[in-house]
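A.B. asks: got a predicted model here, sequence first, then my questions.
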Amino acid sequence: MIKLFSLKQQKKDGEVGGQKTGTKRASAAQLRITKDINELQLPKTCQTEFPDPDDLLNFKLIIMPDEGFYKGGRFVFSFKVGQGYPHEPPKVKCETMVYHPNIDLEGNVCLNILREDWKPVLTINSIIYGLQYLFLEPNPDDPLNKDAAEVLRSNRRLFEQNVSKSMRGGYVGSTYFERCLVK
Amino acid sequence: MANQVDEPMMVDGRVDSPGGSWPDRWNHVKKMLERAGPFAHPDFEPSPETIQFMLEVCKILVIGAGGLGCELLKDLALMGFRNIHVIDMDKIDVSNLNRQFLFRPKDVGKPKAETAAEFVNTRVPGCRVTPHYAKIQDFDGEFYRQFHIIVCGLDSILARRWMNGMVLSLINYEEDGSVDQSSIIPLIDGGTEGFKGNARVILPGITACMDCTLELYPPQVTYPMCTIAHTPRLPEHCIEWVRILLWPQEKPFGDNGKPREEREDIGIDGDDPAHVKWIYDKALERAEKYGISGVTYRLTQGVVKHIIPAVASTNAVIAASCATEVFKIATSCCNPLNNYMVFNDTEGLYTYTFEAEKKEDCLACSQVPQKFTFAPSAKLKDVIQYLCDNAATQMKAPGVTAIVDGRNKTLYMQTVESIEKRTRDNLTKTLEELGLADGQELVVADSTTPQSVIFKLNLSP
């Protein structure tokens, strides 16, 4: 048994036990995100941007798909990693307005690992691959933008046209999309 | 009954005498501390000094003055601990009164910590509870170091992990990497959810810590975004739709005079009845549209605030168990709980105690900072070169961060282009110029290690 207090019965106001360390210890979330960020293996279609390099908890991801419906587009996502990480997933929003069945016009993203299927073993890299996959394989069975999902399901050709129209900048139905092509 | 509250408590037919002591007051405690017994630990030496330590010296910190906190304060004070501090950031709500028995209707709206402390100090002669109406994050290591034992009655994993990180950061290590036992502050944690609860003892650096057992905590209930958006089936789906999707769109209460686009999104305040009412009304509309029943004001409040049902008797059991552990550790009269007890009286009554194991690669507690020595005039690139060349580290592309002046600072990170560009200049700066002090901890991440590693920097010219 550890007899803790035979060693320090004298501990009183203002007195410190042992040597003074003084410095603050990095939180478990901070240690984990440092590892995640240092170890990022971005596909060639992705870039990260850190507005403040000292703040690894808030950054942007830019996805520029080189195939599929969204080829040539440039989509910006914001990542907010909380102190609950990795127990809780980061908050991810799409900052570019996009015509996509799984991303709504407010930037909410329907990706299972961002919510109900998040597990602490997953990393920032897992999310990046998940997001990239959304652009390669938009999923009409899991819709957030219901109109886009219905078009994708019923008329792939029209969906493709709508996507390129939105990326060039223009109206799809009554919704205006800003231009988001790389060139 | 109410008028008895302010009177001193009767113990064994006596009331208070000056100084809060009278003959035989601590008889019940002395029976355990001043004589040996068949259940006492073999190393335990009965002595009258132990109770003096409890009464005069031992300093306990209670975190949270809610359901568990009220019970803990009462238990500890009646047991004979008199030097107690309590931290709580909340004010008293009318819904607390059924179980947080140190509060009365007249106290609604007052800070919990202050009210609880005042009650206990009045009621238990000689007891000095010091309240802190604040967040745990408002205090630093110097504050927490003054306590012998910390007991938590918290309701969030985040706060538990923060406290865990704090007591771990207070540990000192010996030259051989073992824990300096005089730097250990035992952390006793209680938690309840309805009829279920748990109590555990953490000896930081020695036994499993909060992060070692993170998988034990269930994730927060979340629903798939698409279900919330388009295929709601449960009343909760409707409430979540309003909370997550409609609120940021409509931005209610954010200066209604302006058009929606210019309105400020003031976050949802679960304690503001107007906010909850707005969410309830909109959720009800949506529920009707989809033919879903069961959206009520109470459910709305529960979902918005993530309310977990609280049962007074569960709190009493768990707090009693935690207080007993404080007593055992403070007096060494008996082996402490080893180290995790679960309690469930949903049907019948079940308890089970097991030894949660320390995780070898726990991010929070497996880290024995490795020491290295540099001159203050050494440059950051020398440190990085060392990490790559040294036979014991042999890193490939280490990323280095530190906490300087209380803020995170990325010193250098090679692998991320945008960070590399803006931290490159640091390489040629000296450690002194970078603001790194003697004893500074550096967090180093590299592909050659399974997790970030902590290095402690010794600066000597």
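C.D. replies: That came in fine, so what should we check first?
A.B. asks: now do the same contact list for the residue most central in space within chain A.
C.D. replies: The residue lying closest to the centre of chain A (Cα atoms, centre = their mean) is residue A:92, at 3.9 Å. Residues in contact with residue A:92 (Cβ atoms under 8 Å, 6 or more residues apart in numbering or on different chains) are A:77-80, A:109, A:111, A:114, A:127, A:131. For every residue, glycine as well, the C-beta is placed using N, CA and C.
A.B. asks: that one falls within a helix, correct?
C.D. replies: No: Residue A:92: not assigned to a helix; according to DSSP: H, G, I helix; E, B strand; the rest coil it is strand.
A.B. asks: could you flag which of the contacts of residue A:92 are buried?
C.D. replies: Among those, those classed as buried by neighbour count (16 or more other Cβ atoms under 10 Å in any protein chain shown) are A:77-79, A:109, A:111, A:114, A:127, A:131.
A.B. asks: restricted to strands, list the residues you listed.
C.D. replies: Within the buried ones among the contacts of residue A:92, residues falling in strands by DSSP state E are A:77-79.
A.B. asks: distance to chain B and pLDDT for those residues - can I get that in a markdown table?
C.D. replies: What follows is these, written out as a markdown table (distance: Cβ to the nearest Cβ, whole Å; pLDDT from 0 to 100):
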| residue | distance to chain B | pLDDT |
| --- | --- | --- |
| A:77 | 15 | 97 |
| A:78 | 14 | 97 |
| A:79 | 13 | 97 |
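A.B. asks: and the residues you listed, which is closest to residue A:161?
C.D. replies: residue A:77 (24.9 Å; Cβ to Cβ).
A.B. asks: go ahead and confirm that closest one touches residue A:130.
C.D. replies: No: contact criterion Cβ atoms under 8 Å: residue A:77 and residue A:130 do not qualify, at 10.9 Å.
A.B. asks: where does the prediction get shaky in chain A?
C.D. replies: By pLDDT under 70, the low-scoring segments of chain A are A:1-23.
A.B. asks: can you give me the strands in it?
C.D. replies: With DSSP E as the definition, chain A shows strands at residue ranges A:46-49, A:58-63, A:75-80, A:91-94, A:170-172, A:175-177.
A.B. asks: of those strands, which is nearest residue B:192?
C.D. replies: Per Cβ to Cβ, nearest to residue B:192 of the strands of chain A: strand A:91-94, 28.6 Å.
A.B. asks: name every strand pairing with the closest one and say which way it goes.
C.D. replies: Note on strand A:91-94: by DSSP bridges, its sheet partners are strand A:75-80 (antiparallel).
A.B. asks: the partner strand vs strand A:58-63, what angle?
C.D. replies: Strand A:75-80 and strand A:58-63 are oriented at 160 degrees to each other (axes from the mean of the first three to the mean of the last three Cα atoms, to 10 degrees).
A.B. asks: check the offset of strand A:75-80 from the chain's centre.
C.D. replies: Here strand A:75-80 is found 6 Å from its chain centre; the criterion is Cα atoms, centre = their mean, to the nearest Å.
A.B. asks: what does that strand contact?
C.D. replies: Residues from elsewhere that reach strand A:75-80, judged by Cβ under 8 Å, 6+ apart: A:57-65, A:90-96, A:98, A:109, A:124, A:127, A:131, A:135, A:180.
A.B. asks: narrow the residues you listed to those that are buried.
C.D. replies: A:57, A:59, A:61-65, A:90, A:92, A:94, A:96, A:98, A:109, A:124, A:127, A:131, A:135, A:180.
A.B. asks: neighbours around residue B:126, how many?
C.D. replies: If you count neighbours by other Cβ atoms under 10 Å in any protein chain shown, residue B:126 ends up with 16.
A.B. asks: against chain A, how distant is it?
C.D. replies: The gap separating residue B:126 from chain A is 18 Å, by Cβ to the nearest Cβ, to the nearest Å.
A.B. asks: just checking, that residue touches residue B:21?
C.D. replies: Yes: Residue B:126 is in contact with residue B:21 according to Cβ under 8 Å; the separation is 6.3 Å.
A.B. asks: closest one of the contacts of residue A:92 to residue B:167?
C.D. replies: residue A:80 (27.6 Å).
A.B. asks: beta partners for the closest one?
C.D. replies: residue A:58, residue A:91.
A.B. asks: so what's the closest residue to chain A within the stretch 101-250 of chain B closest to, chain neighbours aside?
C.D. replies: Nearest residue of the stretch 101-250 of chain B to chain A, counting by Cβ to the nearest Cβ: residue B:169, 3.4 Å away. Setting aside the residues directly before and after it, residue B:169 is nearest to residue A:25 in space (Cβ to Cβ, 6 or more residues apart in numbering or on different chains), at 3.4 Å.
A.B. asks: for that neighbour, give me its contacts.
C.D. replies: B:165, B:168-169, B:403, B:441, B:454 are the contacts of residue A:25 under Cβ under 8 Å, 6+ apart.
A.B. asks: looking at these, which is nearest residue B:245?
C.D. replies: residue B:165 (34.0 Å).
A.B. asks: could you look up the SS state of the closest one?
C.D. replies: Quick answer, by three-state DSSP: residue B:165 is helix.
A.B. asks: what is the neighbour count of the nearest residue to it once chain neighbours are set aside?
C.D. replies: The shortest distance from residue B:165 to any non-neighbouring residue, by Cβ to Cβ, 6+ apart, is to residue A:27 (5.4 Å). As a burial measure, residue A:27 scores 21 neighbours (other Cβ under 10 Å).
A.B. asks: for residue A:27, give me its contacts.
C.D. replies: Residue A:27 sits next to A:83, B:161-162, B:165 when contact means Cβ under 8 Å, 6+ apart.
A.B. asks: ok, and the most crowded of those?
C.D. replies: Neighbour max across these (other Cβ under 10 Å) = residue B:165, 25 neighbours.
A.B. asks: doesn't residue B:363 make contact with that residue?
C.D. replies: No: using Cβ under 8 Å as the test, residue B:165 is too far from residue B:363 to be in contact (9.6 Å).
A.B. asks: mind listing the shared neighbours of the two?
C.D. replies: Counting by Cβ under 8 Å, 6+ apart, the residues touching both residue B:165 and residue B:363 are A:28, B:211.
A.B. asks: the strands in the stretch 1-150 of chain B, which residues?
C.D. replies: B:59-63, B:83-88, B:128-133, B:149-153 (DSSP state E, counting those that start in this stretch).
A.B. asks: for the last one, give the mean pLDDT please.
C.D. replies: Mean per-residue pLDDT for strand B:149-153: 97.
A.B. asks: name the SS class of residue B:456, please.
C.D. replies: Secondary structure assignment for residue B:456 (three-state DSSP): strand.
A.B. asks: skipping its backbone neighbours, what lies nearest it in space?
C.D. replies: Among residues not flanking residue B:456 along the chain, residue B:369 sits closest, at 4.0 Å (Cβ to Cβ, 6+ apart).
A.B. asks: any idea how many residues pack against the one you found?
C.D. replies: Neighbourhood size, residue B:369 [other Cβ under 10 Å]: 18.
A.B. asks: quick check, residue B:209 in contact with residue B:367.
C.D. replies: No: when contacts are counted by Cβ under 8 Å, residue B:209 is not listed as touching residue B:367 (10.9 Å).
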